[in-house]
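> show me the folded form of this:
(2 chains)
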Amino acid sequence: MDTARLFLRVGSTAFGGGDPTIAVLQREFYRREWLSPDQFAIAFGLARLTPGTNVLAFCAAAGWYLMGVLGAITAVLGLTIPPSILVIWLTRAWEFGVDYPLARALIGAMVAAAVGTMIGAAVMLVRQQCSKRSWLPPILIAAGAFTLFRVAGWSPLQVIAAAAVTGFFWVRQ
Amino acid sequence: MNVVVLYLLLLKATLTSFSGLGSLPMIRSDFVLRYHLLTDRQLNTAVVVGRLGPGPLGIYVVSVGYMVAGVPGACAGWLAMITPAFLIIPIMRFLGKRSEHRRIKSITRTVLLAGAGLMAAAAVPLARDAITGPMTLAIVAASFLLIAITRVDTLWIMLGAAIAGLLSFQL
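Down below sits the predicted model:
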């Protein structure tokens, strides 16, 4: 019950995406002594290797440590059900608002902000992988993916597969 | 569209991405370009709606599902969003501490970087749709800078953009 309550609360209140959510959960786990630092590190590291949304994989791993498969399901459902209901409600409200000029101005401005944040998020992801010693390869890989998709017309799946093959053979020393 | 097919299409996108918005290029490719189920404007709206509330960034998939097939579609989107998360259980069992292996880390890193490149590529047509004048161009630039340089929560950026939109309407 405590596990469900914690994930429901964090799912309803943690704004800003995955990283702030993991930060809140980390604090709660340590405070309650639910996960050891080693368990946290493994859950965090492997969540980055799991396809999909990292924070959900992290929650599944943390829930699994706490209560096995039932814990994993409880954690993921707790974290996603409240915001999903809100998203449905917001989408519906948004569709009704499209016909009003004031709402259109509001929507246009927020859509523009979403585009800016998407480009910013992409830049940030690349920047996080750059270091003083090695900054060119991350930029080249991201730029290569951009070019293969936009210019060469590859599908996203083909680009991701090519990136995985590159990563397999091009191991950093 | 059949809800099972919708789920499988969305699952294809979430299974081949490694971050919340990483599924966006695949979703645009299938839903906007291939099957014409959504417009770029609707996809943009889904991203905005996903960023307004709490929860992971990948939650915009629920909004995409809702736009395509109503509440059952939203449920399909929700399922497609959460399904890949459970893959971590077999990964934890079989990979364990080998996740620190150099080759595995290298693959994750290149896939993540390719995801960033794809995200930027997917933003290009969405930007074409979103930039309708100097005001929206300024909002795109400001929100980009705020995300790239500062640690401001995206919720504040969205609220700031909404206020800018309201002011420009009044003026």
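
> could you look up the SS state of B:P54?
The three-state label given to B:P54 by DSSP: H, G, I helix; E, B strand; the rest coil is coil.

> and the next helix or strand past the lowest-mean-pLDDT helix or strand in chain B?
None of the helices or strands of chain B scores lower by mean pLDDT, DSSP states H and E than helix B:102-130, at a mean of 82. Tracing the chain past helix B:102-130, the next element assigned as helix or strand by DSSP states H and E is helix B:134-149.

> mind listing what's buried along that following helix?
Residues of helix B:134-149 classed as buried by neighbour count (16 or more other CB atoms under 10 Å in any protein chain shown): B:135-136, B:138-140, B:142-144, B:146-148. For every residue, glycine as well, the C-beta is placed using N, CA and C.

> any part of the helix or strand just after that helix near chain A?
Per DSSP H and E, the first helix or strand lying C-terminal to helix B:134-149 is helix B:154-170. Yes: applying CB under 8 Å from any CB of the partner chain, one finds helix B:154-170 touching chain A at B:154-155, B:157-158, B:160-162, B:164-166, B:168-169.

> now those in JSON lines, with neighbour count and pLDDT?
Converted to JSON lines, the residues of helix B:154-170 next to chain A look like this (neighbours: other CB atoms under 10 Å in any protein chain shown; pLDDT from 0 to 100):
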{"residue": "B:T154", "neighbour count": "22", "pLDDT": "69"}
{"residue": "B:L155", "neighbour count": "15", "pLDDT": "71"}
{"residue": "B:I157", "neighbour count": "24", "pLDDT": "84"}
{"residue": "B:M158", "neighbour count": "20", "pLDDT": "79"}
{"residue": "B:G160", "neighbour count": "18", "pLDDT": "91"}
{"residue": "B:A161", "neighbour count": "27", "pLDDT": "89"}
{"residue": "B:A162", "neighbour count": "19", "pLDDT": "87"}
{"residue": "B:A164", "neighbour count": "21", "pLDDT": "93"}
{"residue": "B:G165", "neighbour count": "25", "pLDDT": "88"}
{"residue": "B:L166", "neighbour count": "14", "pLDDT": "89"}
{"residue": "B:S168", "neighbour count": "18", "pLDDT": "87"}
{"residue": "B:F169", "neighbour count": "16", "pLDDT": "84"}
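
> which helices and strands does the least confident helix or strand of chain B pack with?
Packing contacts for helix B:102-130, counted by 3 or more CB pairs under 8 Å, 6 or more residues apart in numbering or on different chains; DSSP states H and E, involve helix A:37-49, helix A:101-129, helix A:136-150, helix A:156-169, helix B:24-27, helix B:40-52, helix B:134-149.

> give me whichever of the ones you listed is most buried.
Ranked by mean neighbour count, the helices and strands packed on helix B:102-130 are led by helix B:24-27 with a mean of 27 (mean count of other CB atoms under 10 Å in any protein chain shown).

> looking at the helices and strands packed on helix B:102-130, spot the one closest to A:T80.
The closest of the helices and strands packed on helix B:102-130 to A:T80 is helix B:40-52. By CB to CB, the value is 11.8 Å.

> hmm, who's touching the closest one?
A:17, A:87, A:90-91, A:94, A:107, A:110-111, A:113-115, A:117-118, B:21, B:24, B:27-28, B:31-32, B:38, B:57-64, B:67, B:125-126, B:128-130, B:154-155, B:158 (CB atoms under 8 Å, 6 or more residues apart in numbering or on different chains).

> and the gap between the nearest residue to B:I107 once chain neighbours are set aside and B:L57?
Leaving out its chain neighbours, the residue that sits closest to B:I107 by CB to CB, 6 or more residues apart in numbering or on different chains is A:G167, at 3.7 Å. Applying CB to CB, to the nearest Å, the value for A:G167 to B:L57 is 23 Å.

> same check on B:M81?
For B:M81 relative to B:L57 (CB to CB), the value is 10 Å.

> same check, this time on A:L6
21 Å.

> more crowded one of those two?
Neighbours per residue (other CB atoms under 10 Å in any protein chain shown) separate A:L6 from B:L57, with B:L57 holding more: 27 against 22.

> pretty sure that one contacts B:L21?
Yes: counting by CB atoms under 8 Å, B:L57 touches B:L21, with 5.4 Å between them.
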